[in-house]
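**Student:** Below are the sequence and a predicted model; questions follow.
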Amino acid sequence: MGKIIKNPEPLEASYVPGYLINRDIEIDSLRKNVVFPVMRGLSSNIFIYGQSGTGKTVTLRFLASMETGCYFHYENAISVGSFKRIVVKILSSLGKQVSEKQPFDSLFMALKRSTSMPIILVVDECLNLVKTDPDGLYNVLRSAELYDLRMGLILASVDNPALHMTSREIRRIGIFNEMKFNKYSTSDLSGILDHRSKESLYDGVIEPEIIDGIASISERSGSARMAIEILQKAAFISEYDNRRTIDMETVRKASAMINPYITESKLMELDQKELLILLSICQILERNIDATMEHITDQIGVNFETRDQPIPDLPLIYRAIRHLESLDIVEGVRESLGRGKGVKKRFFMGDLPVSVLIQKIFEIIE
């Protein structure tokens, strides 16, 4: 190791610390609403949602590391295609190899025989799975009632999964709790960075005002992931340059190396139509300062026809764009056209590098 970093592990966003900063309320709520009821034989489920970097995944992993009375199974939905496949993976982790072709009742009976512990199933980045596998969601959410299985479900995503269900689907799956993870404040981010720096850096390497500077840069996104990544890159730059401390200029260099406003997880939770609509907006913004709805619909027609897909109707396009706005990927501004002439909406990308985003979308689509 050099003169800056004593332990690189806490500089990883995926690192689970021994103490989680500023998420006590969320941890207590998860225990109260899911863990404790399931341990007492009751069915309980929760949807948690919030922007990338607001601590959903690290909170869930921290909770799993602390609770010893349940069998926690964590799954990222991007790597699986159905809820049934997740159940098969739980059985595999318990040493039971079964076929995915078996019906749910057989799989859940096998689960009951494989462990006497209550099960907490955590499904991260779940939005597409919720939309594409409603029957699987129904069986897993209602496992206690349908199959007498002690299992609680925690579904996590950037957007609230309930917003993407029909009223009929919501009535079918029954009662579930919801919890939003809000963006971190500047003081929250300073606390997280201070804790990570003490675990990862040598004493005296970074001053409190530099930590506050990183927190201030990360304030717009409210993302701990972004803040930790800036700290990590600034530490590596300083070590490579044989510096003894991390200064603000190095922090600015580190900040310029990352893109805070778009993450892989946000894109991966978009369905194919939403990705093509976002691609259409990006292609317009490569050539223009802003994009109007007229230009967007024209480009959408080109992209969907090129891929032999039916062109979506206007209500679907509007819903998709509102979803992109809610994720802070697209920014929309309404402008009055004058008395009696209505309103026009223009769309921007803010500070997003559109060319990089287009490349990311193509990589996912293709």
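**Tutor:** Done, it's in. Please read these numbers as outputs of a predicted model, since none were measured by experiment.
**Student:** For the rest of this, base every contact and every neighbour count on C-alpha atoms.
**Tutor:** OK.
**Student:** quick one: low-confidence ranges for the stretch 201-350 of the chain?
**Tutor:** Filtered on pLDDT under 70, the stretch 201-350 of the chain yields the residue ranges 259-264, 336-343, 350.
**Student:** Mind doing that once more with 80?
**Tutor:** By pLDDT under 80, the low-scoring segments of the stretch 201-350 of the chain are 256-266, 289, 328, 335-344, 349-350.
**Student:** Now the longest helix seen in the chain: buried residues?
**Tutor:** Assignment by DSSP state H gives helix 224-240 as the longest helix of the chain. Within helix 224-240, the residues that count as buried by 16 or more other CA atoms under 10 Å are 224-239.
**Student:** One more: stretch 297-309?
**Tutor:** Buried residues in stretch 297-309 (16+ other CA under 10 Å): T297, Q299, I300, G301, N303, F304.
**Student:** Make CSV from these and add distance to A77 and secondary structure to it.
**Tutor:** Below are the buried residues of stretch 297-309 laid out as CSV (distance: CA to CA, whole Å; DSSP: H, G, I helix; E, B strand; the rest coil):
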residue, distance to A77, secondary structure
T297, 31, helix
Q299, 31, helix
I300, 28, helix
G301, 30, helix
N303, 27, helix
F304, 26, helix
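**Student:** Extract the CA atoms of the helix or strand just after the longest helix of the chain and return them as CSV.
**Tutor:** Once helix 224-240 ends, the next helix or strand along the chain (criterion: DSSP states H and E) is helix 248-256. Only the C-alpha atoms of helix 248-256 are listed here, as CSV (Å, rounded to 0.1, in the frame of the first residue of the first chain):
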residue,chain,number,x,y,z
MET,A,248,-9.8,19.7,-3.5
GLU,A,249,-8.2,19.8,-6.9
THR,A,250,-7.8,16.0,-6.9
VAL,A,251,-11.4,15.7,-5.8
ARG,A,252,-12.5,17.8,-8.8
LYS,A,253,-10.5,15.5,-11.1
ALA,A,254,-12.2,12.5,-9.5
SER,A,255,-15.6,14.1,-9.9
ALA,A,256,-15.0,14.7,-13.6
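**Student:** who touches helix 248-256?
**Tutor:** Helix 248-256 has contacts (CA atoms under 8 Å, 6 or more residues apart in numbering) with I210, G213, I214, I217, I230, L231, K233, A234, I237, S238.
**Student:** And for stretch 31-40?
**Tutor:** Residues contacting stretch 31-40 (CA under 8 Å, 6+ apart): 43-46, 69-70, 118-120, 150-154, 177.
**Student:** Name the weakest-confidence residue in the residues you listed, if you would.
**Tutor:** The member of these with the lowest pLDDT is S43, at 79.
**Student:** Show me what the longest helix of the chain is packed against.
**Tutor:** Judged by 3 or more CA pairs under 8 Å, 6 or more residues apart in numbering; DSSP states H and E, the packing partners of helix 224-240 are helix 186-200, helix 208-217, helix 248-256.
**Student:** Can you name the residues in contact with it?
**Tutor:** So helix 224-240 is contacted by 2-5, 11-13, 52-55, 184, 189, 192-193, 196, 214-215, 217-218, 244-246, 250-251, 253-255, 258, 260 (CA under 8 Å, 6+ apart).
**Student:** Distance check, G152 against L201.
**Tutor:** 39 Å (CA to CA, to the nearest Å).
**Student:** the more surrounded of these two?
**Tutor:** G152 (31 against 21; other CA atoms under 10 Å).
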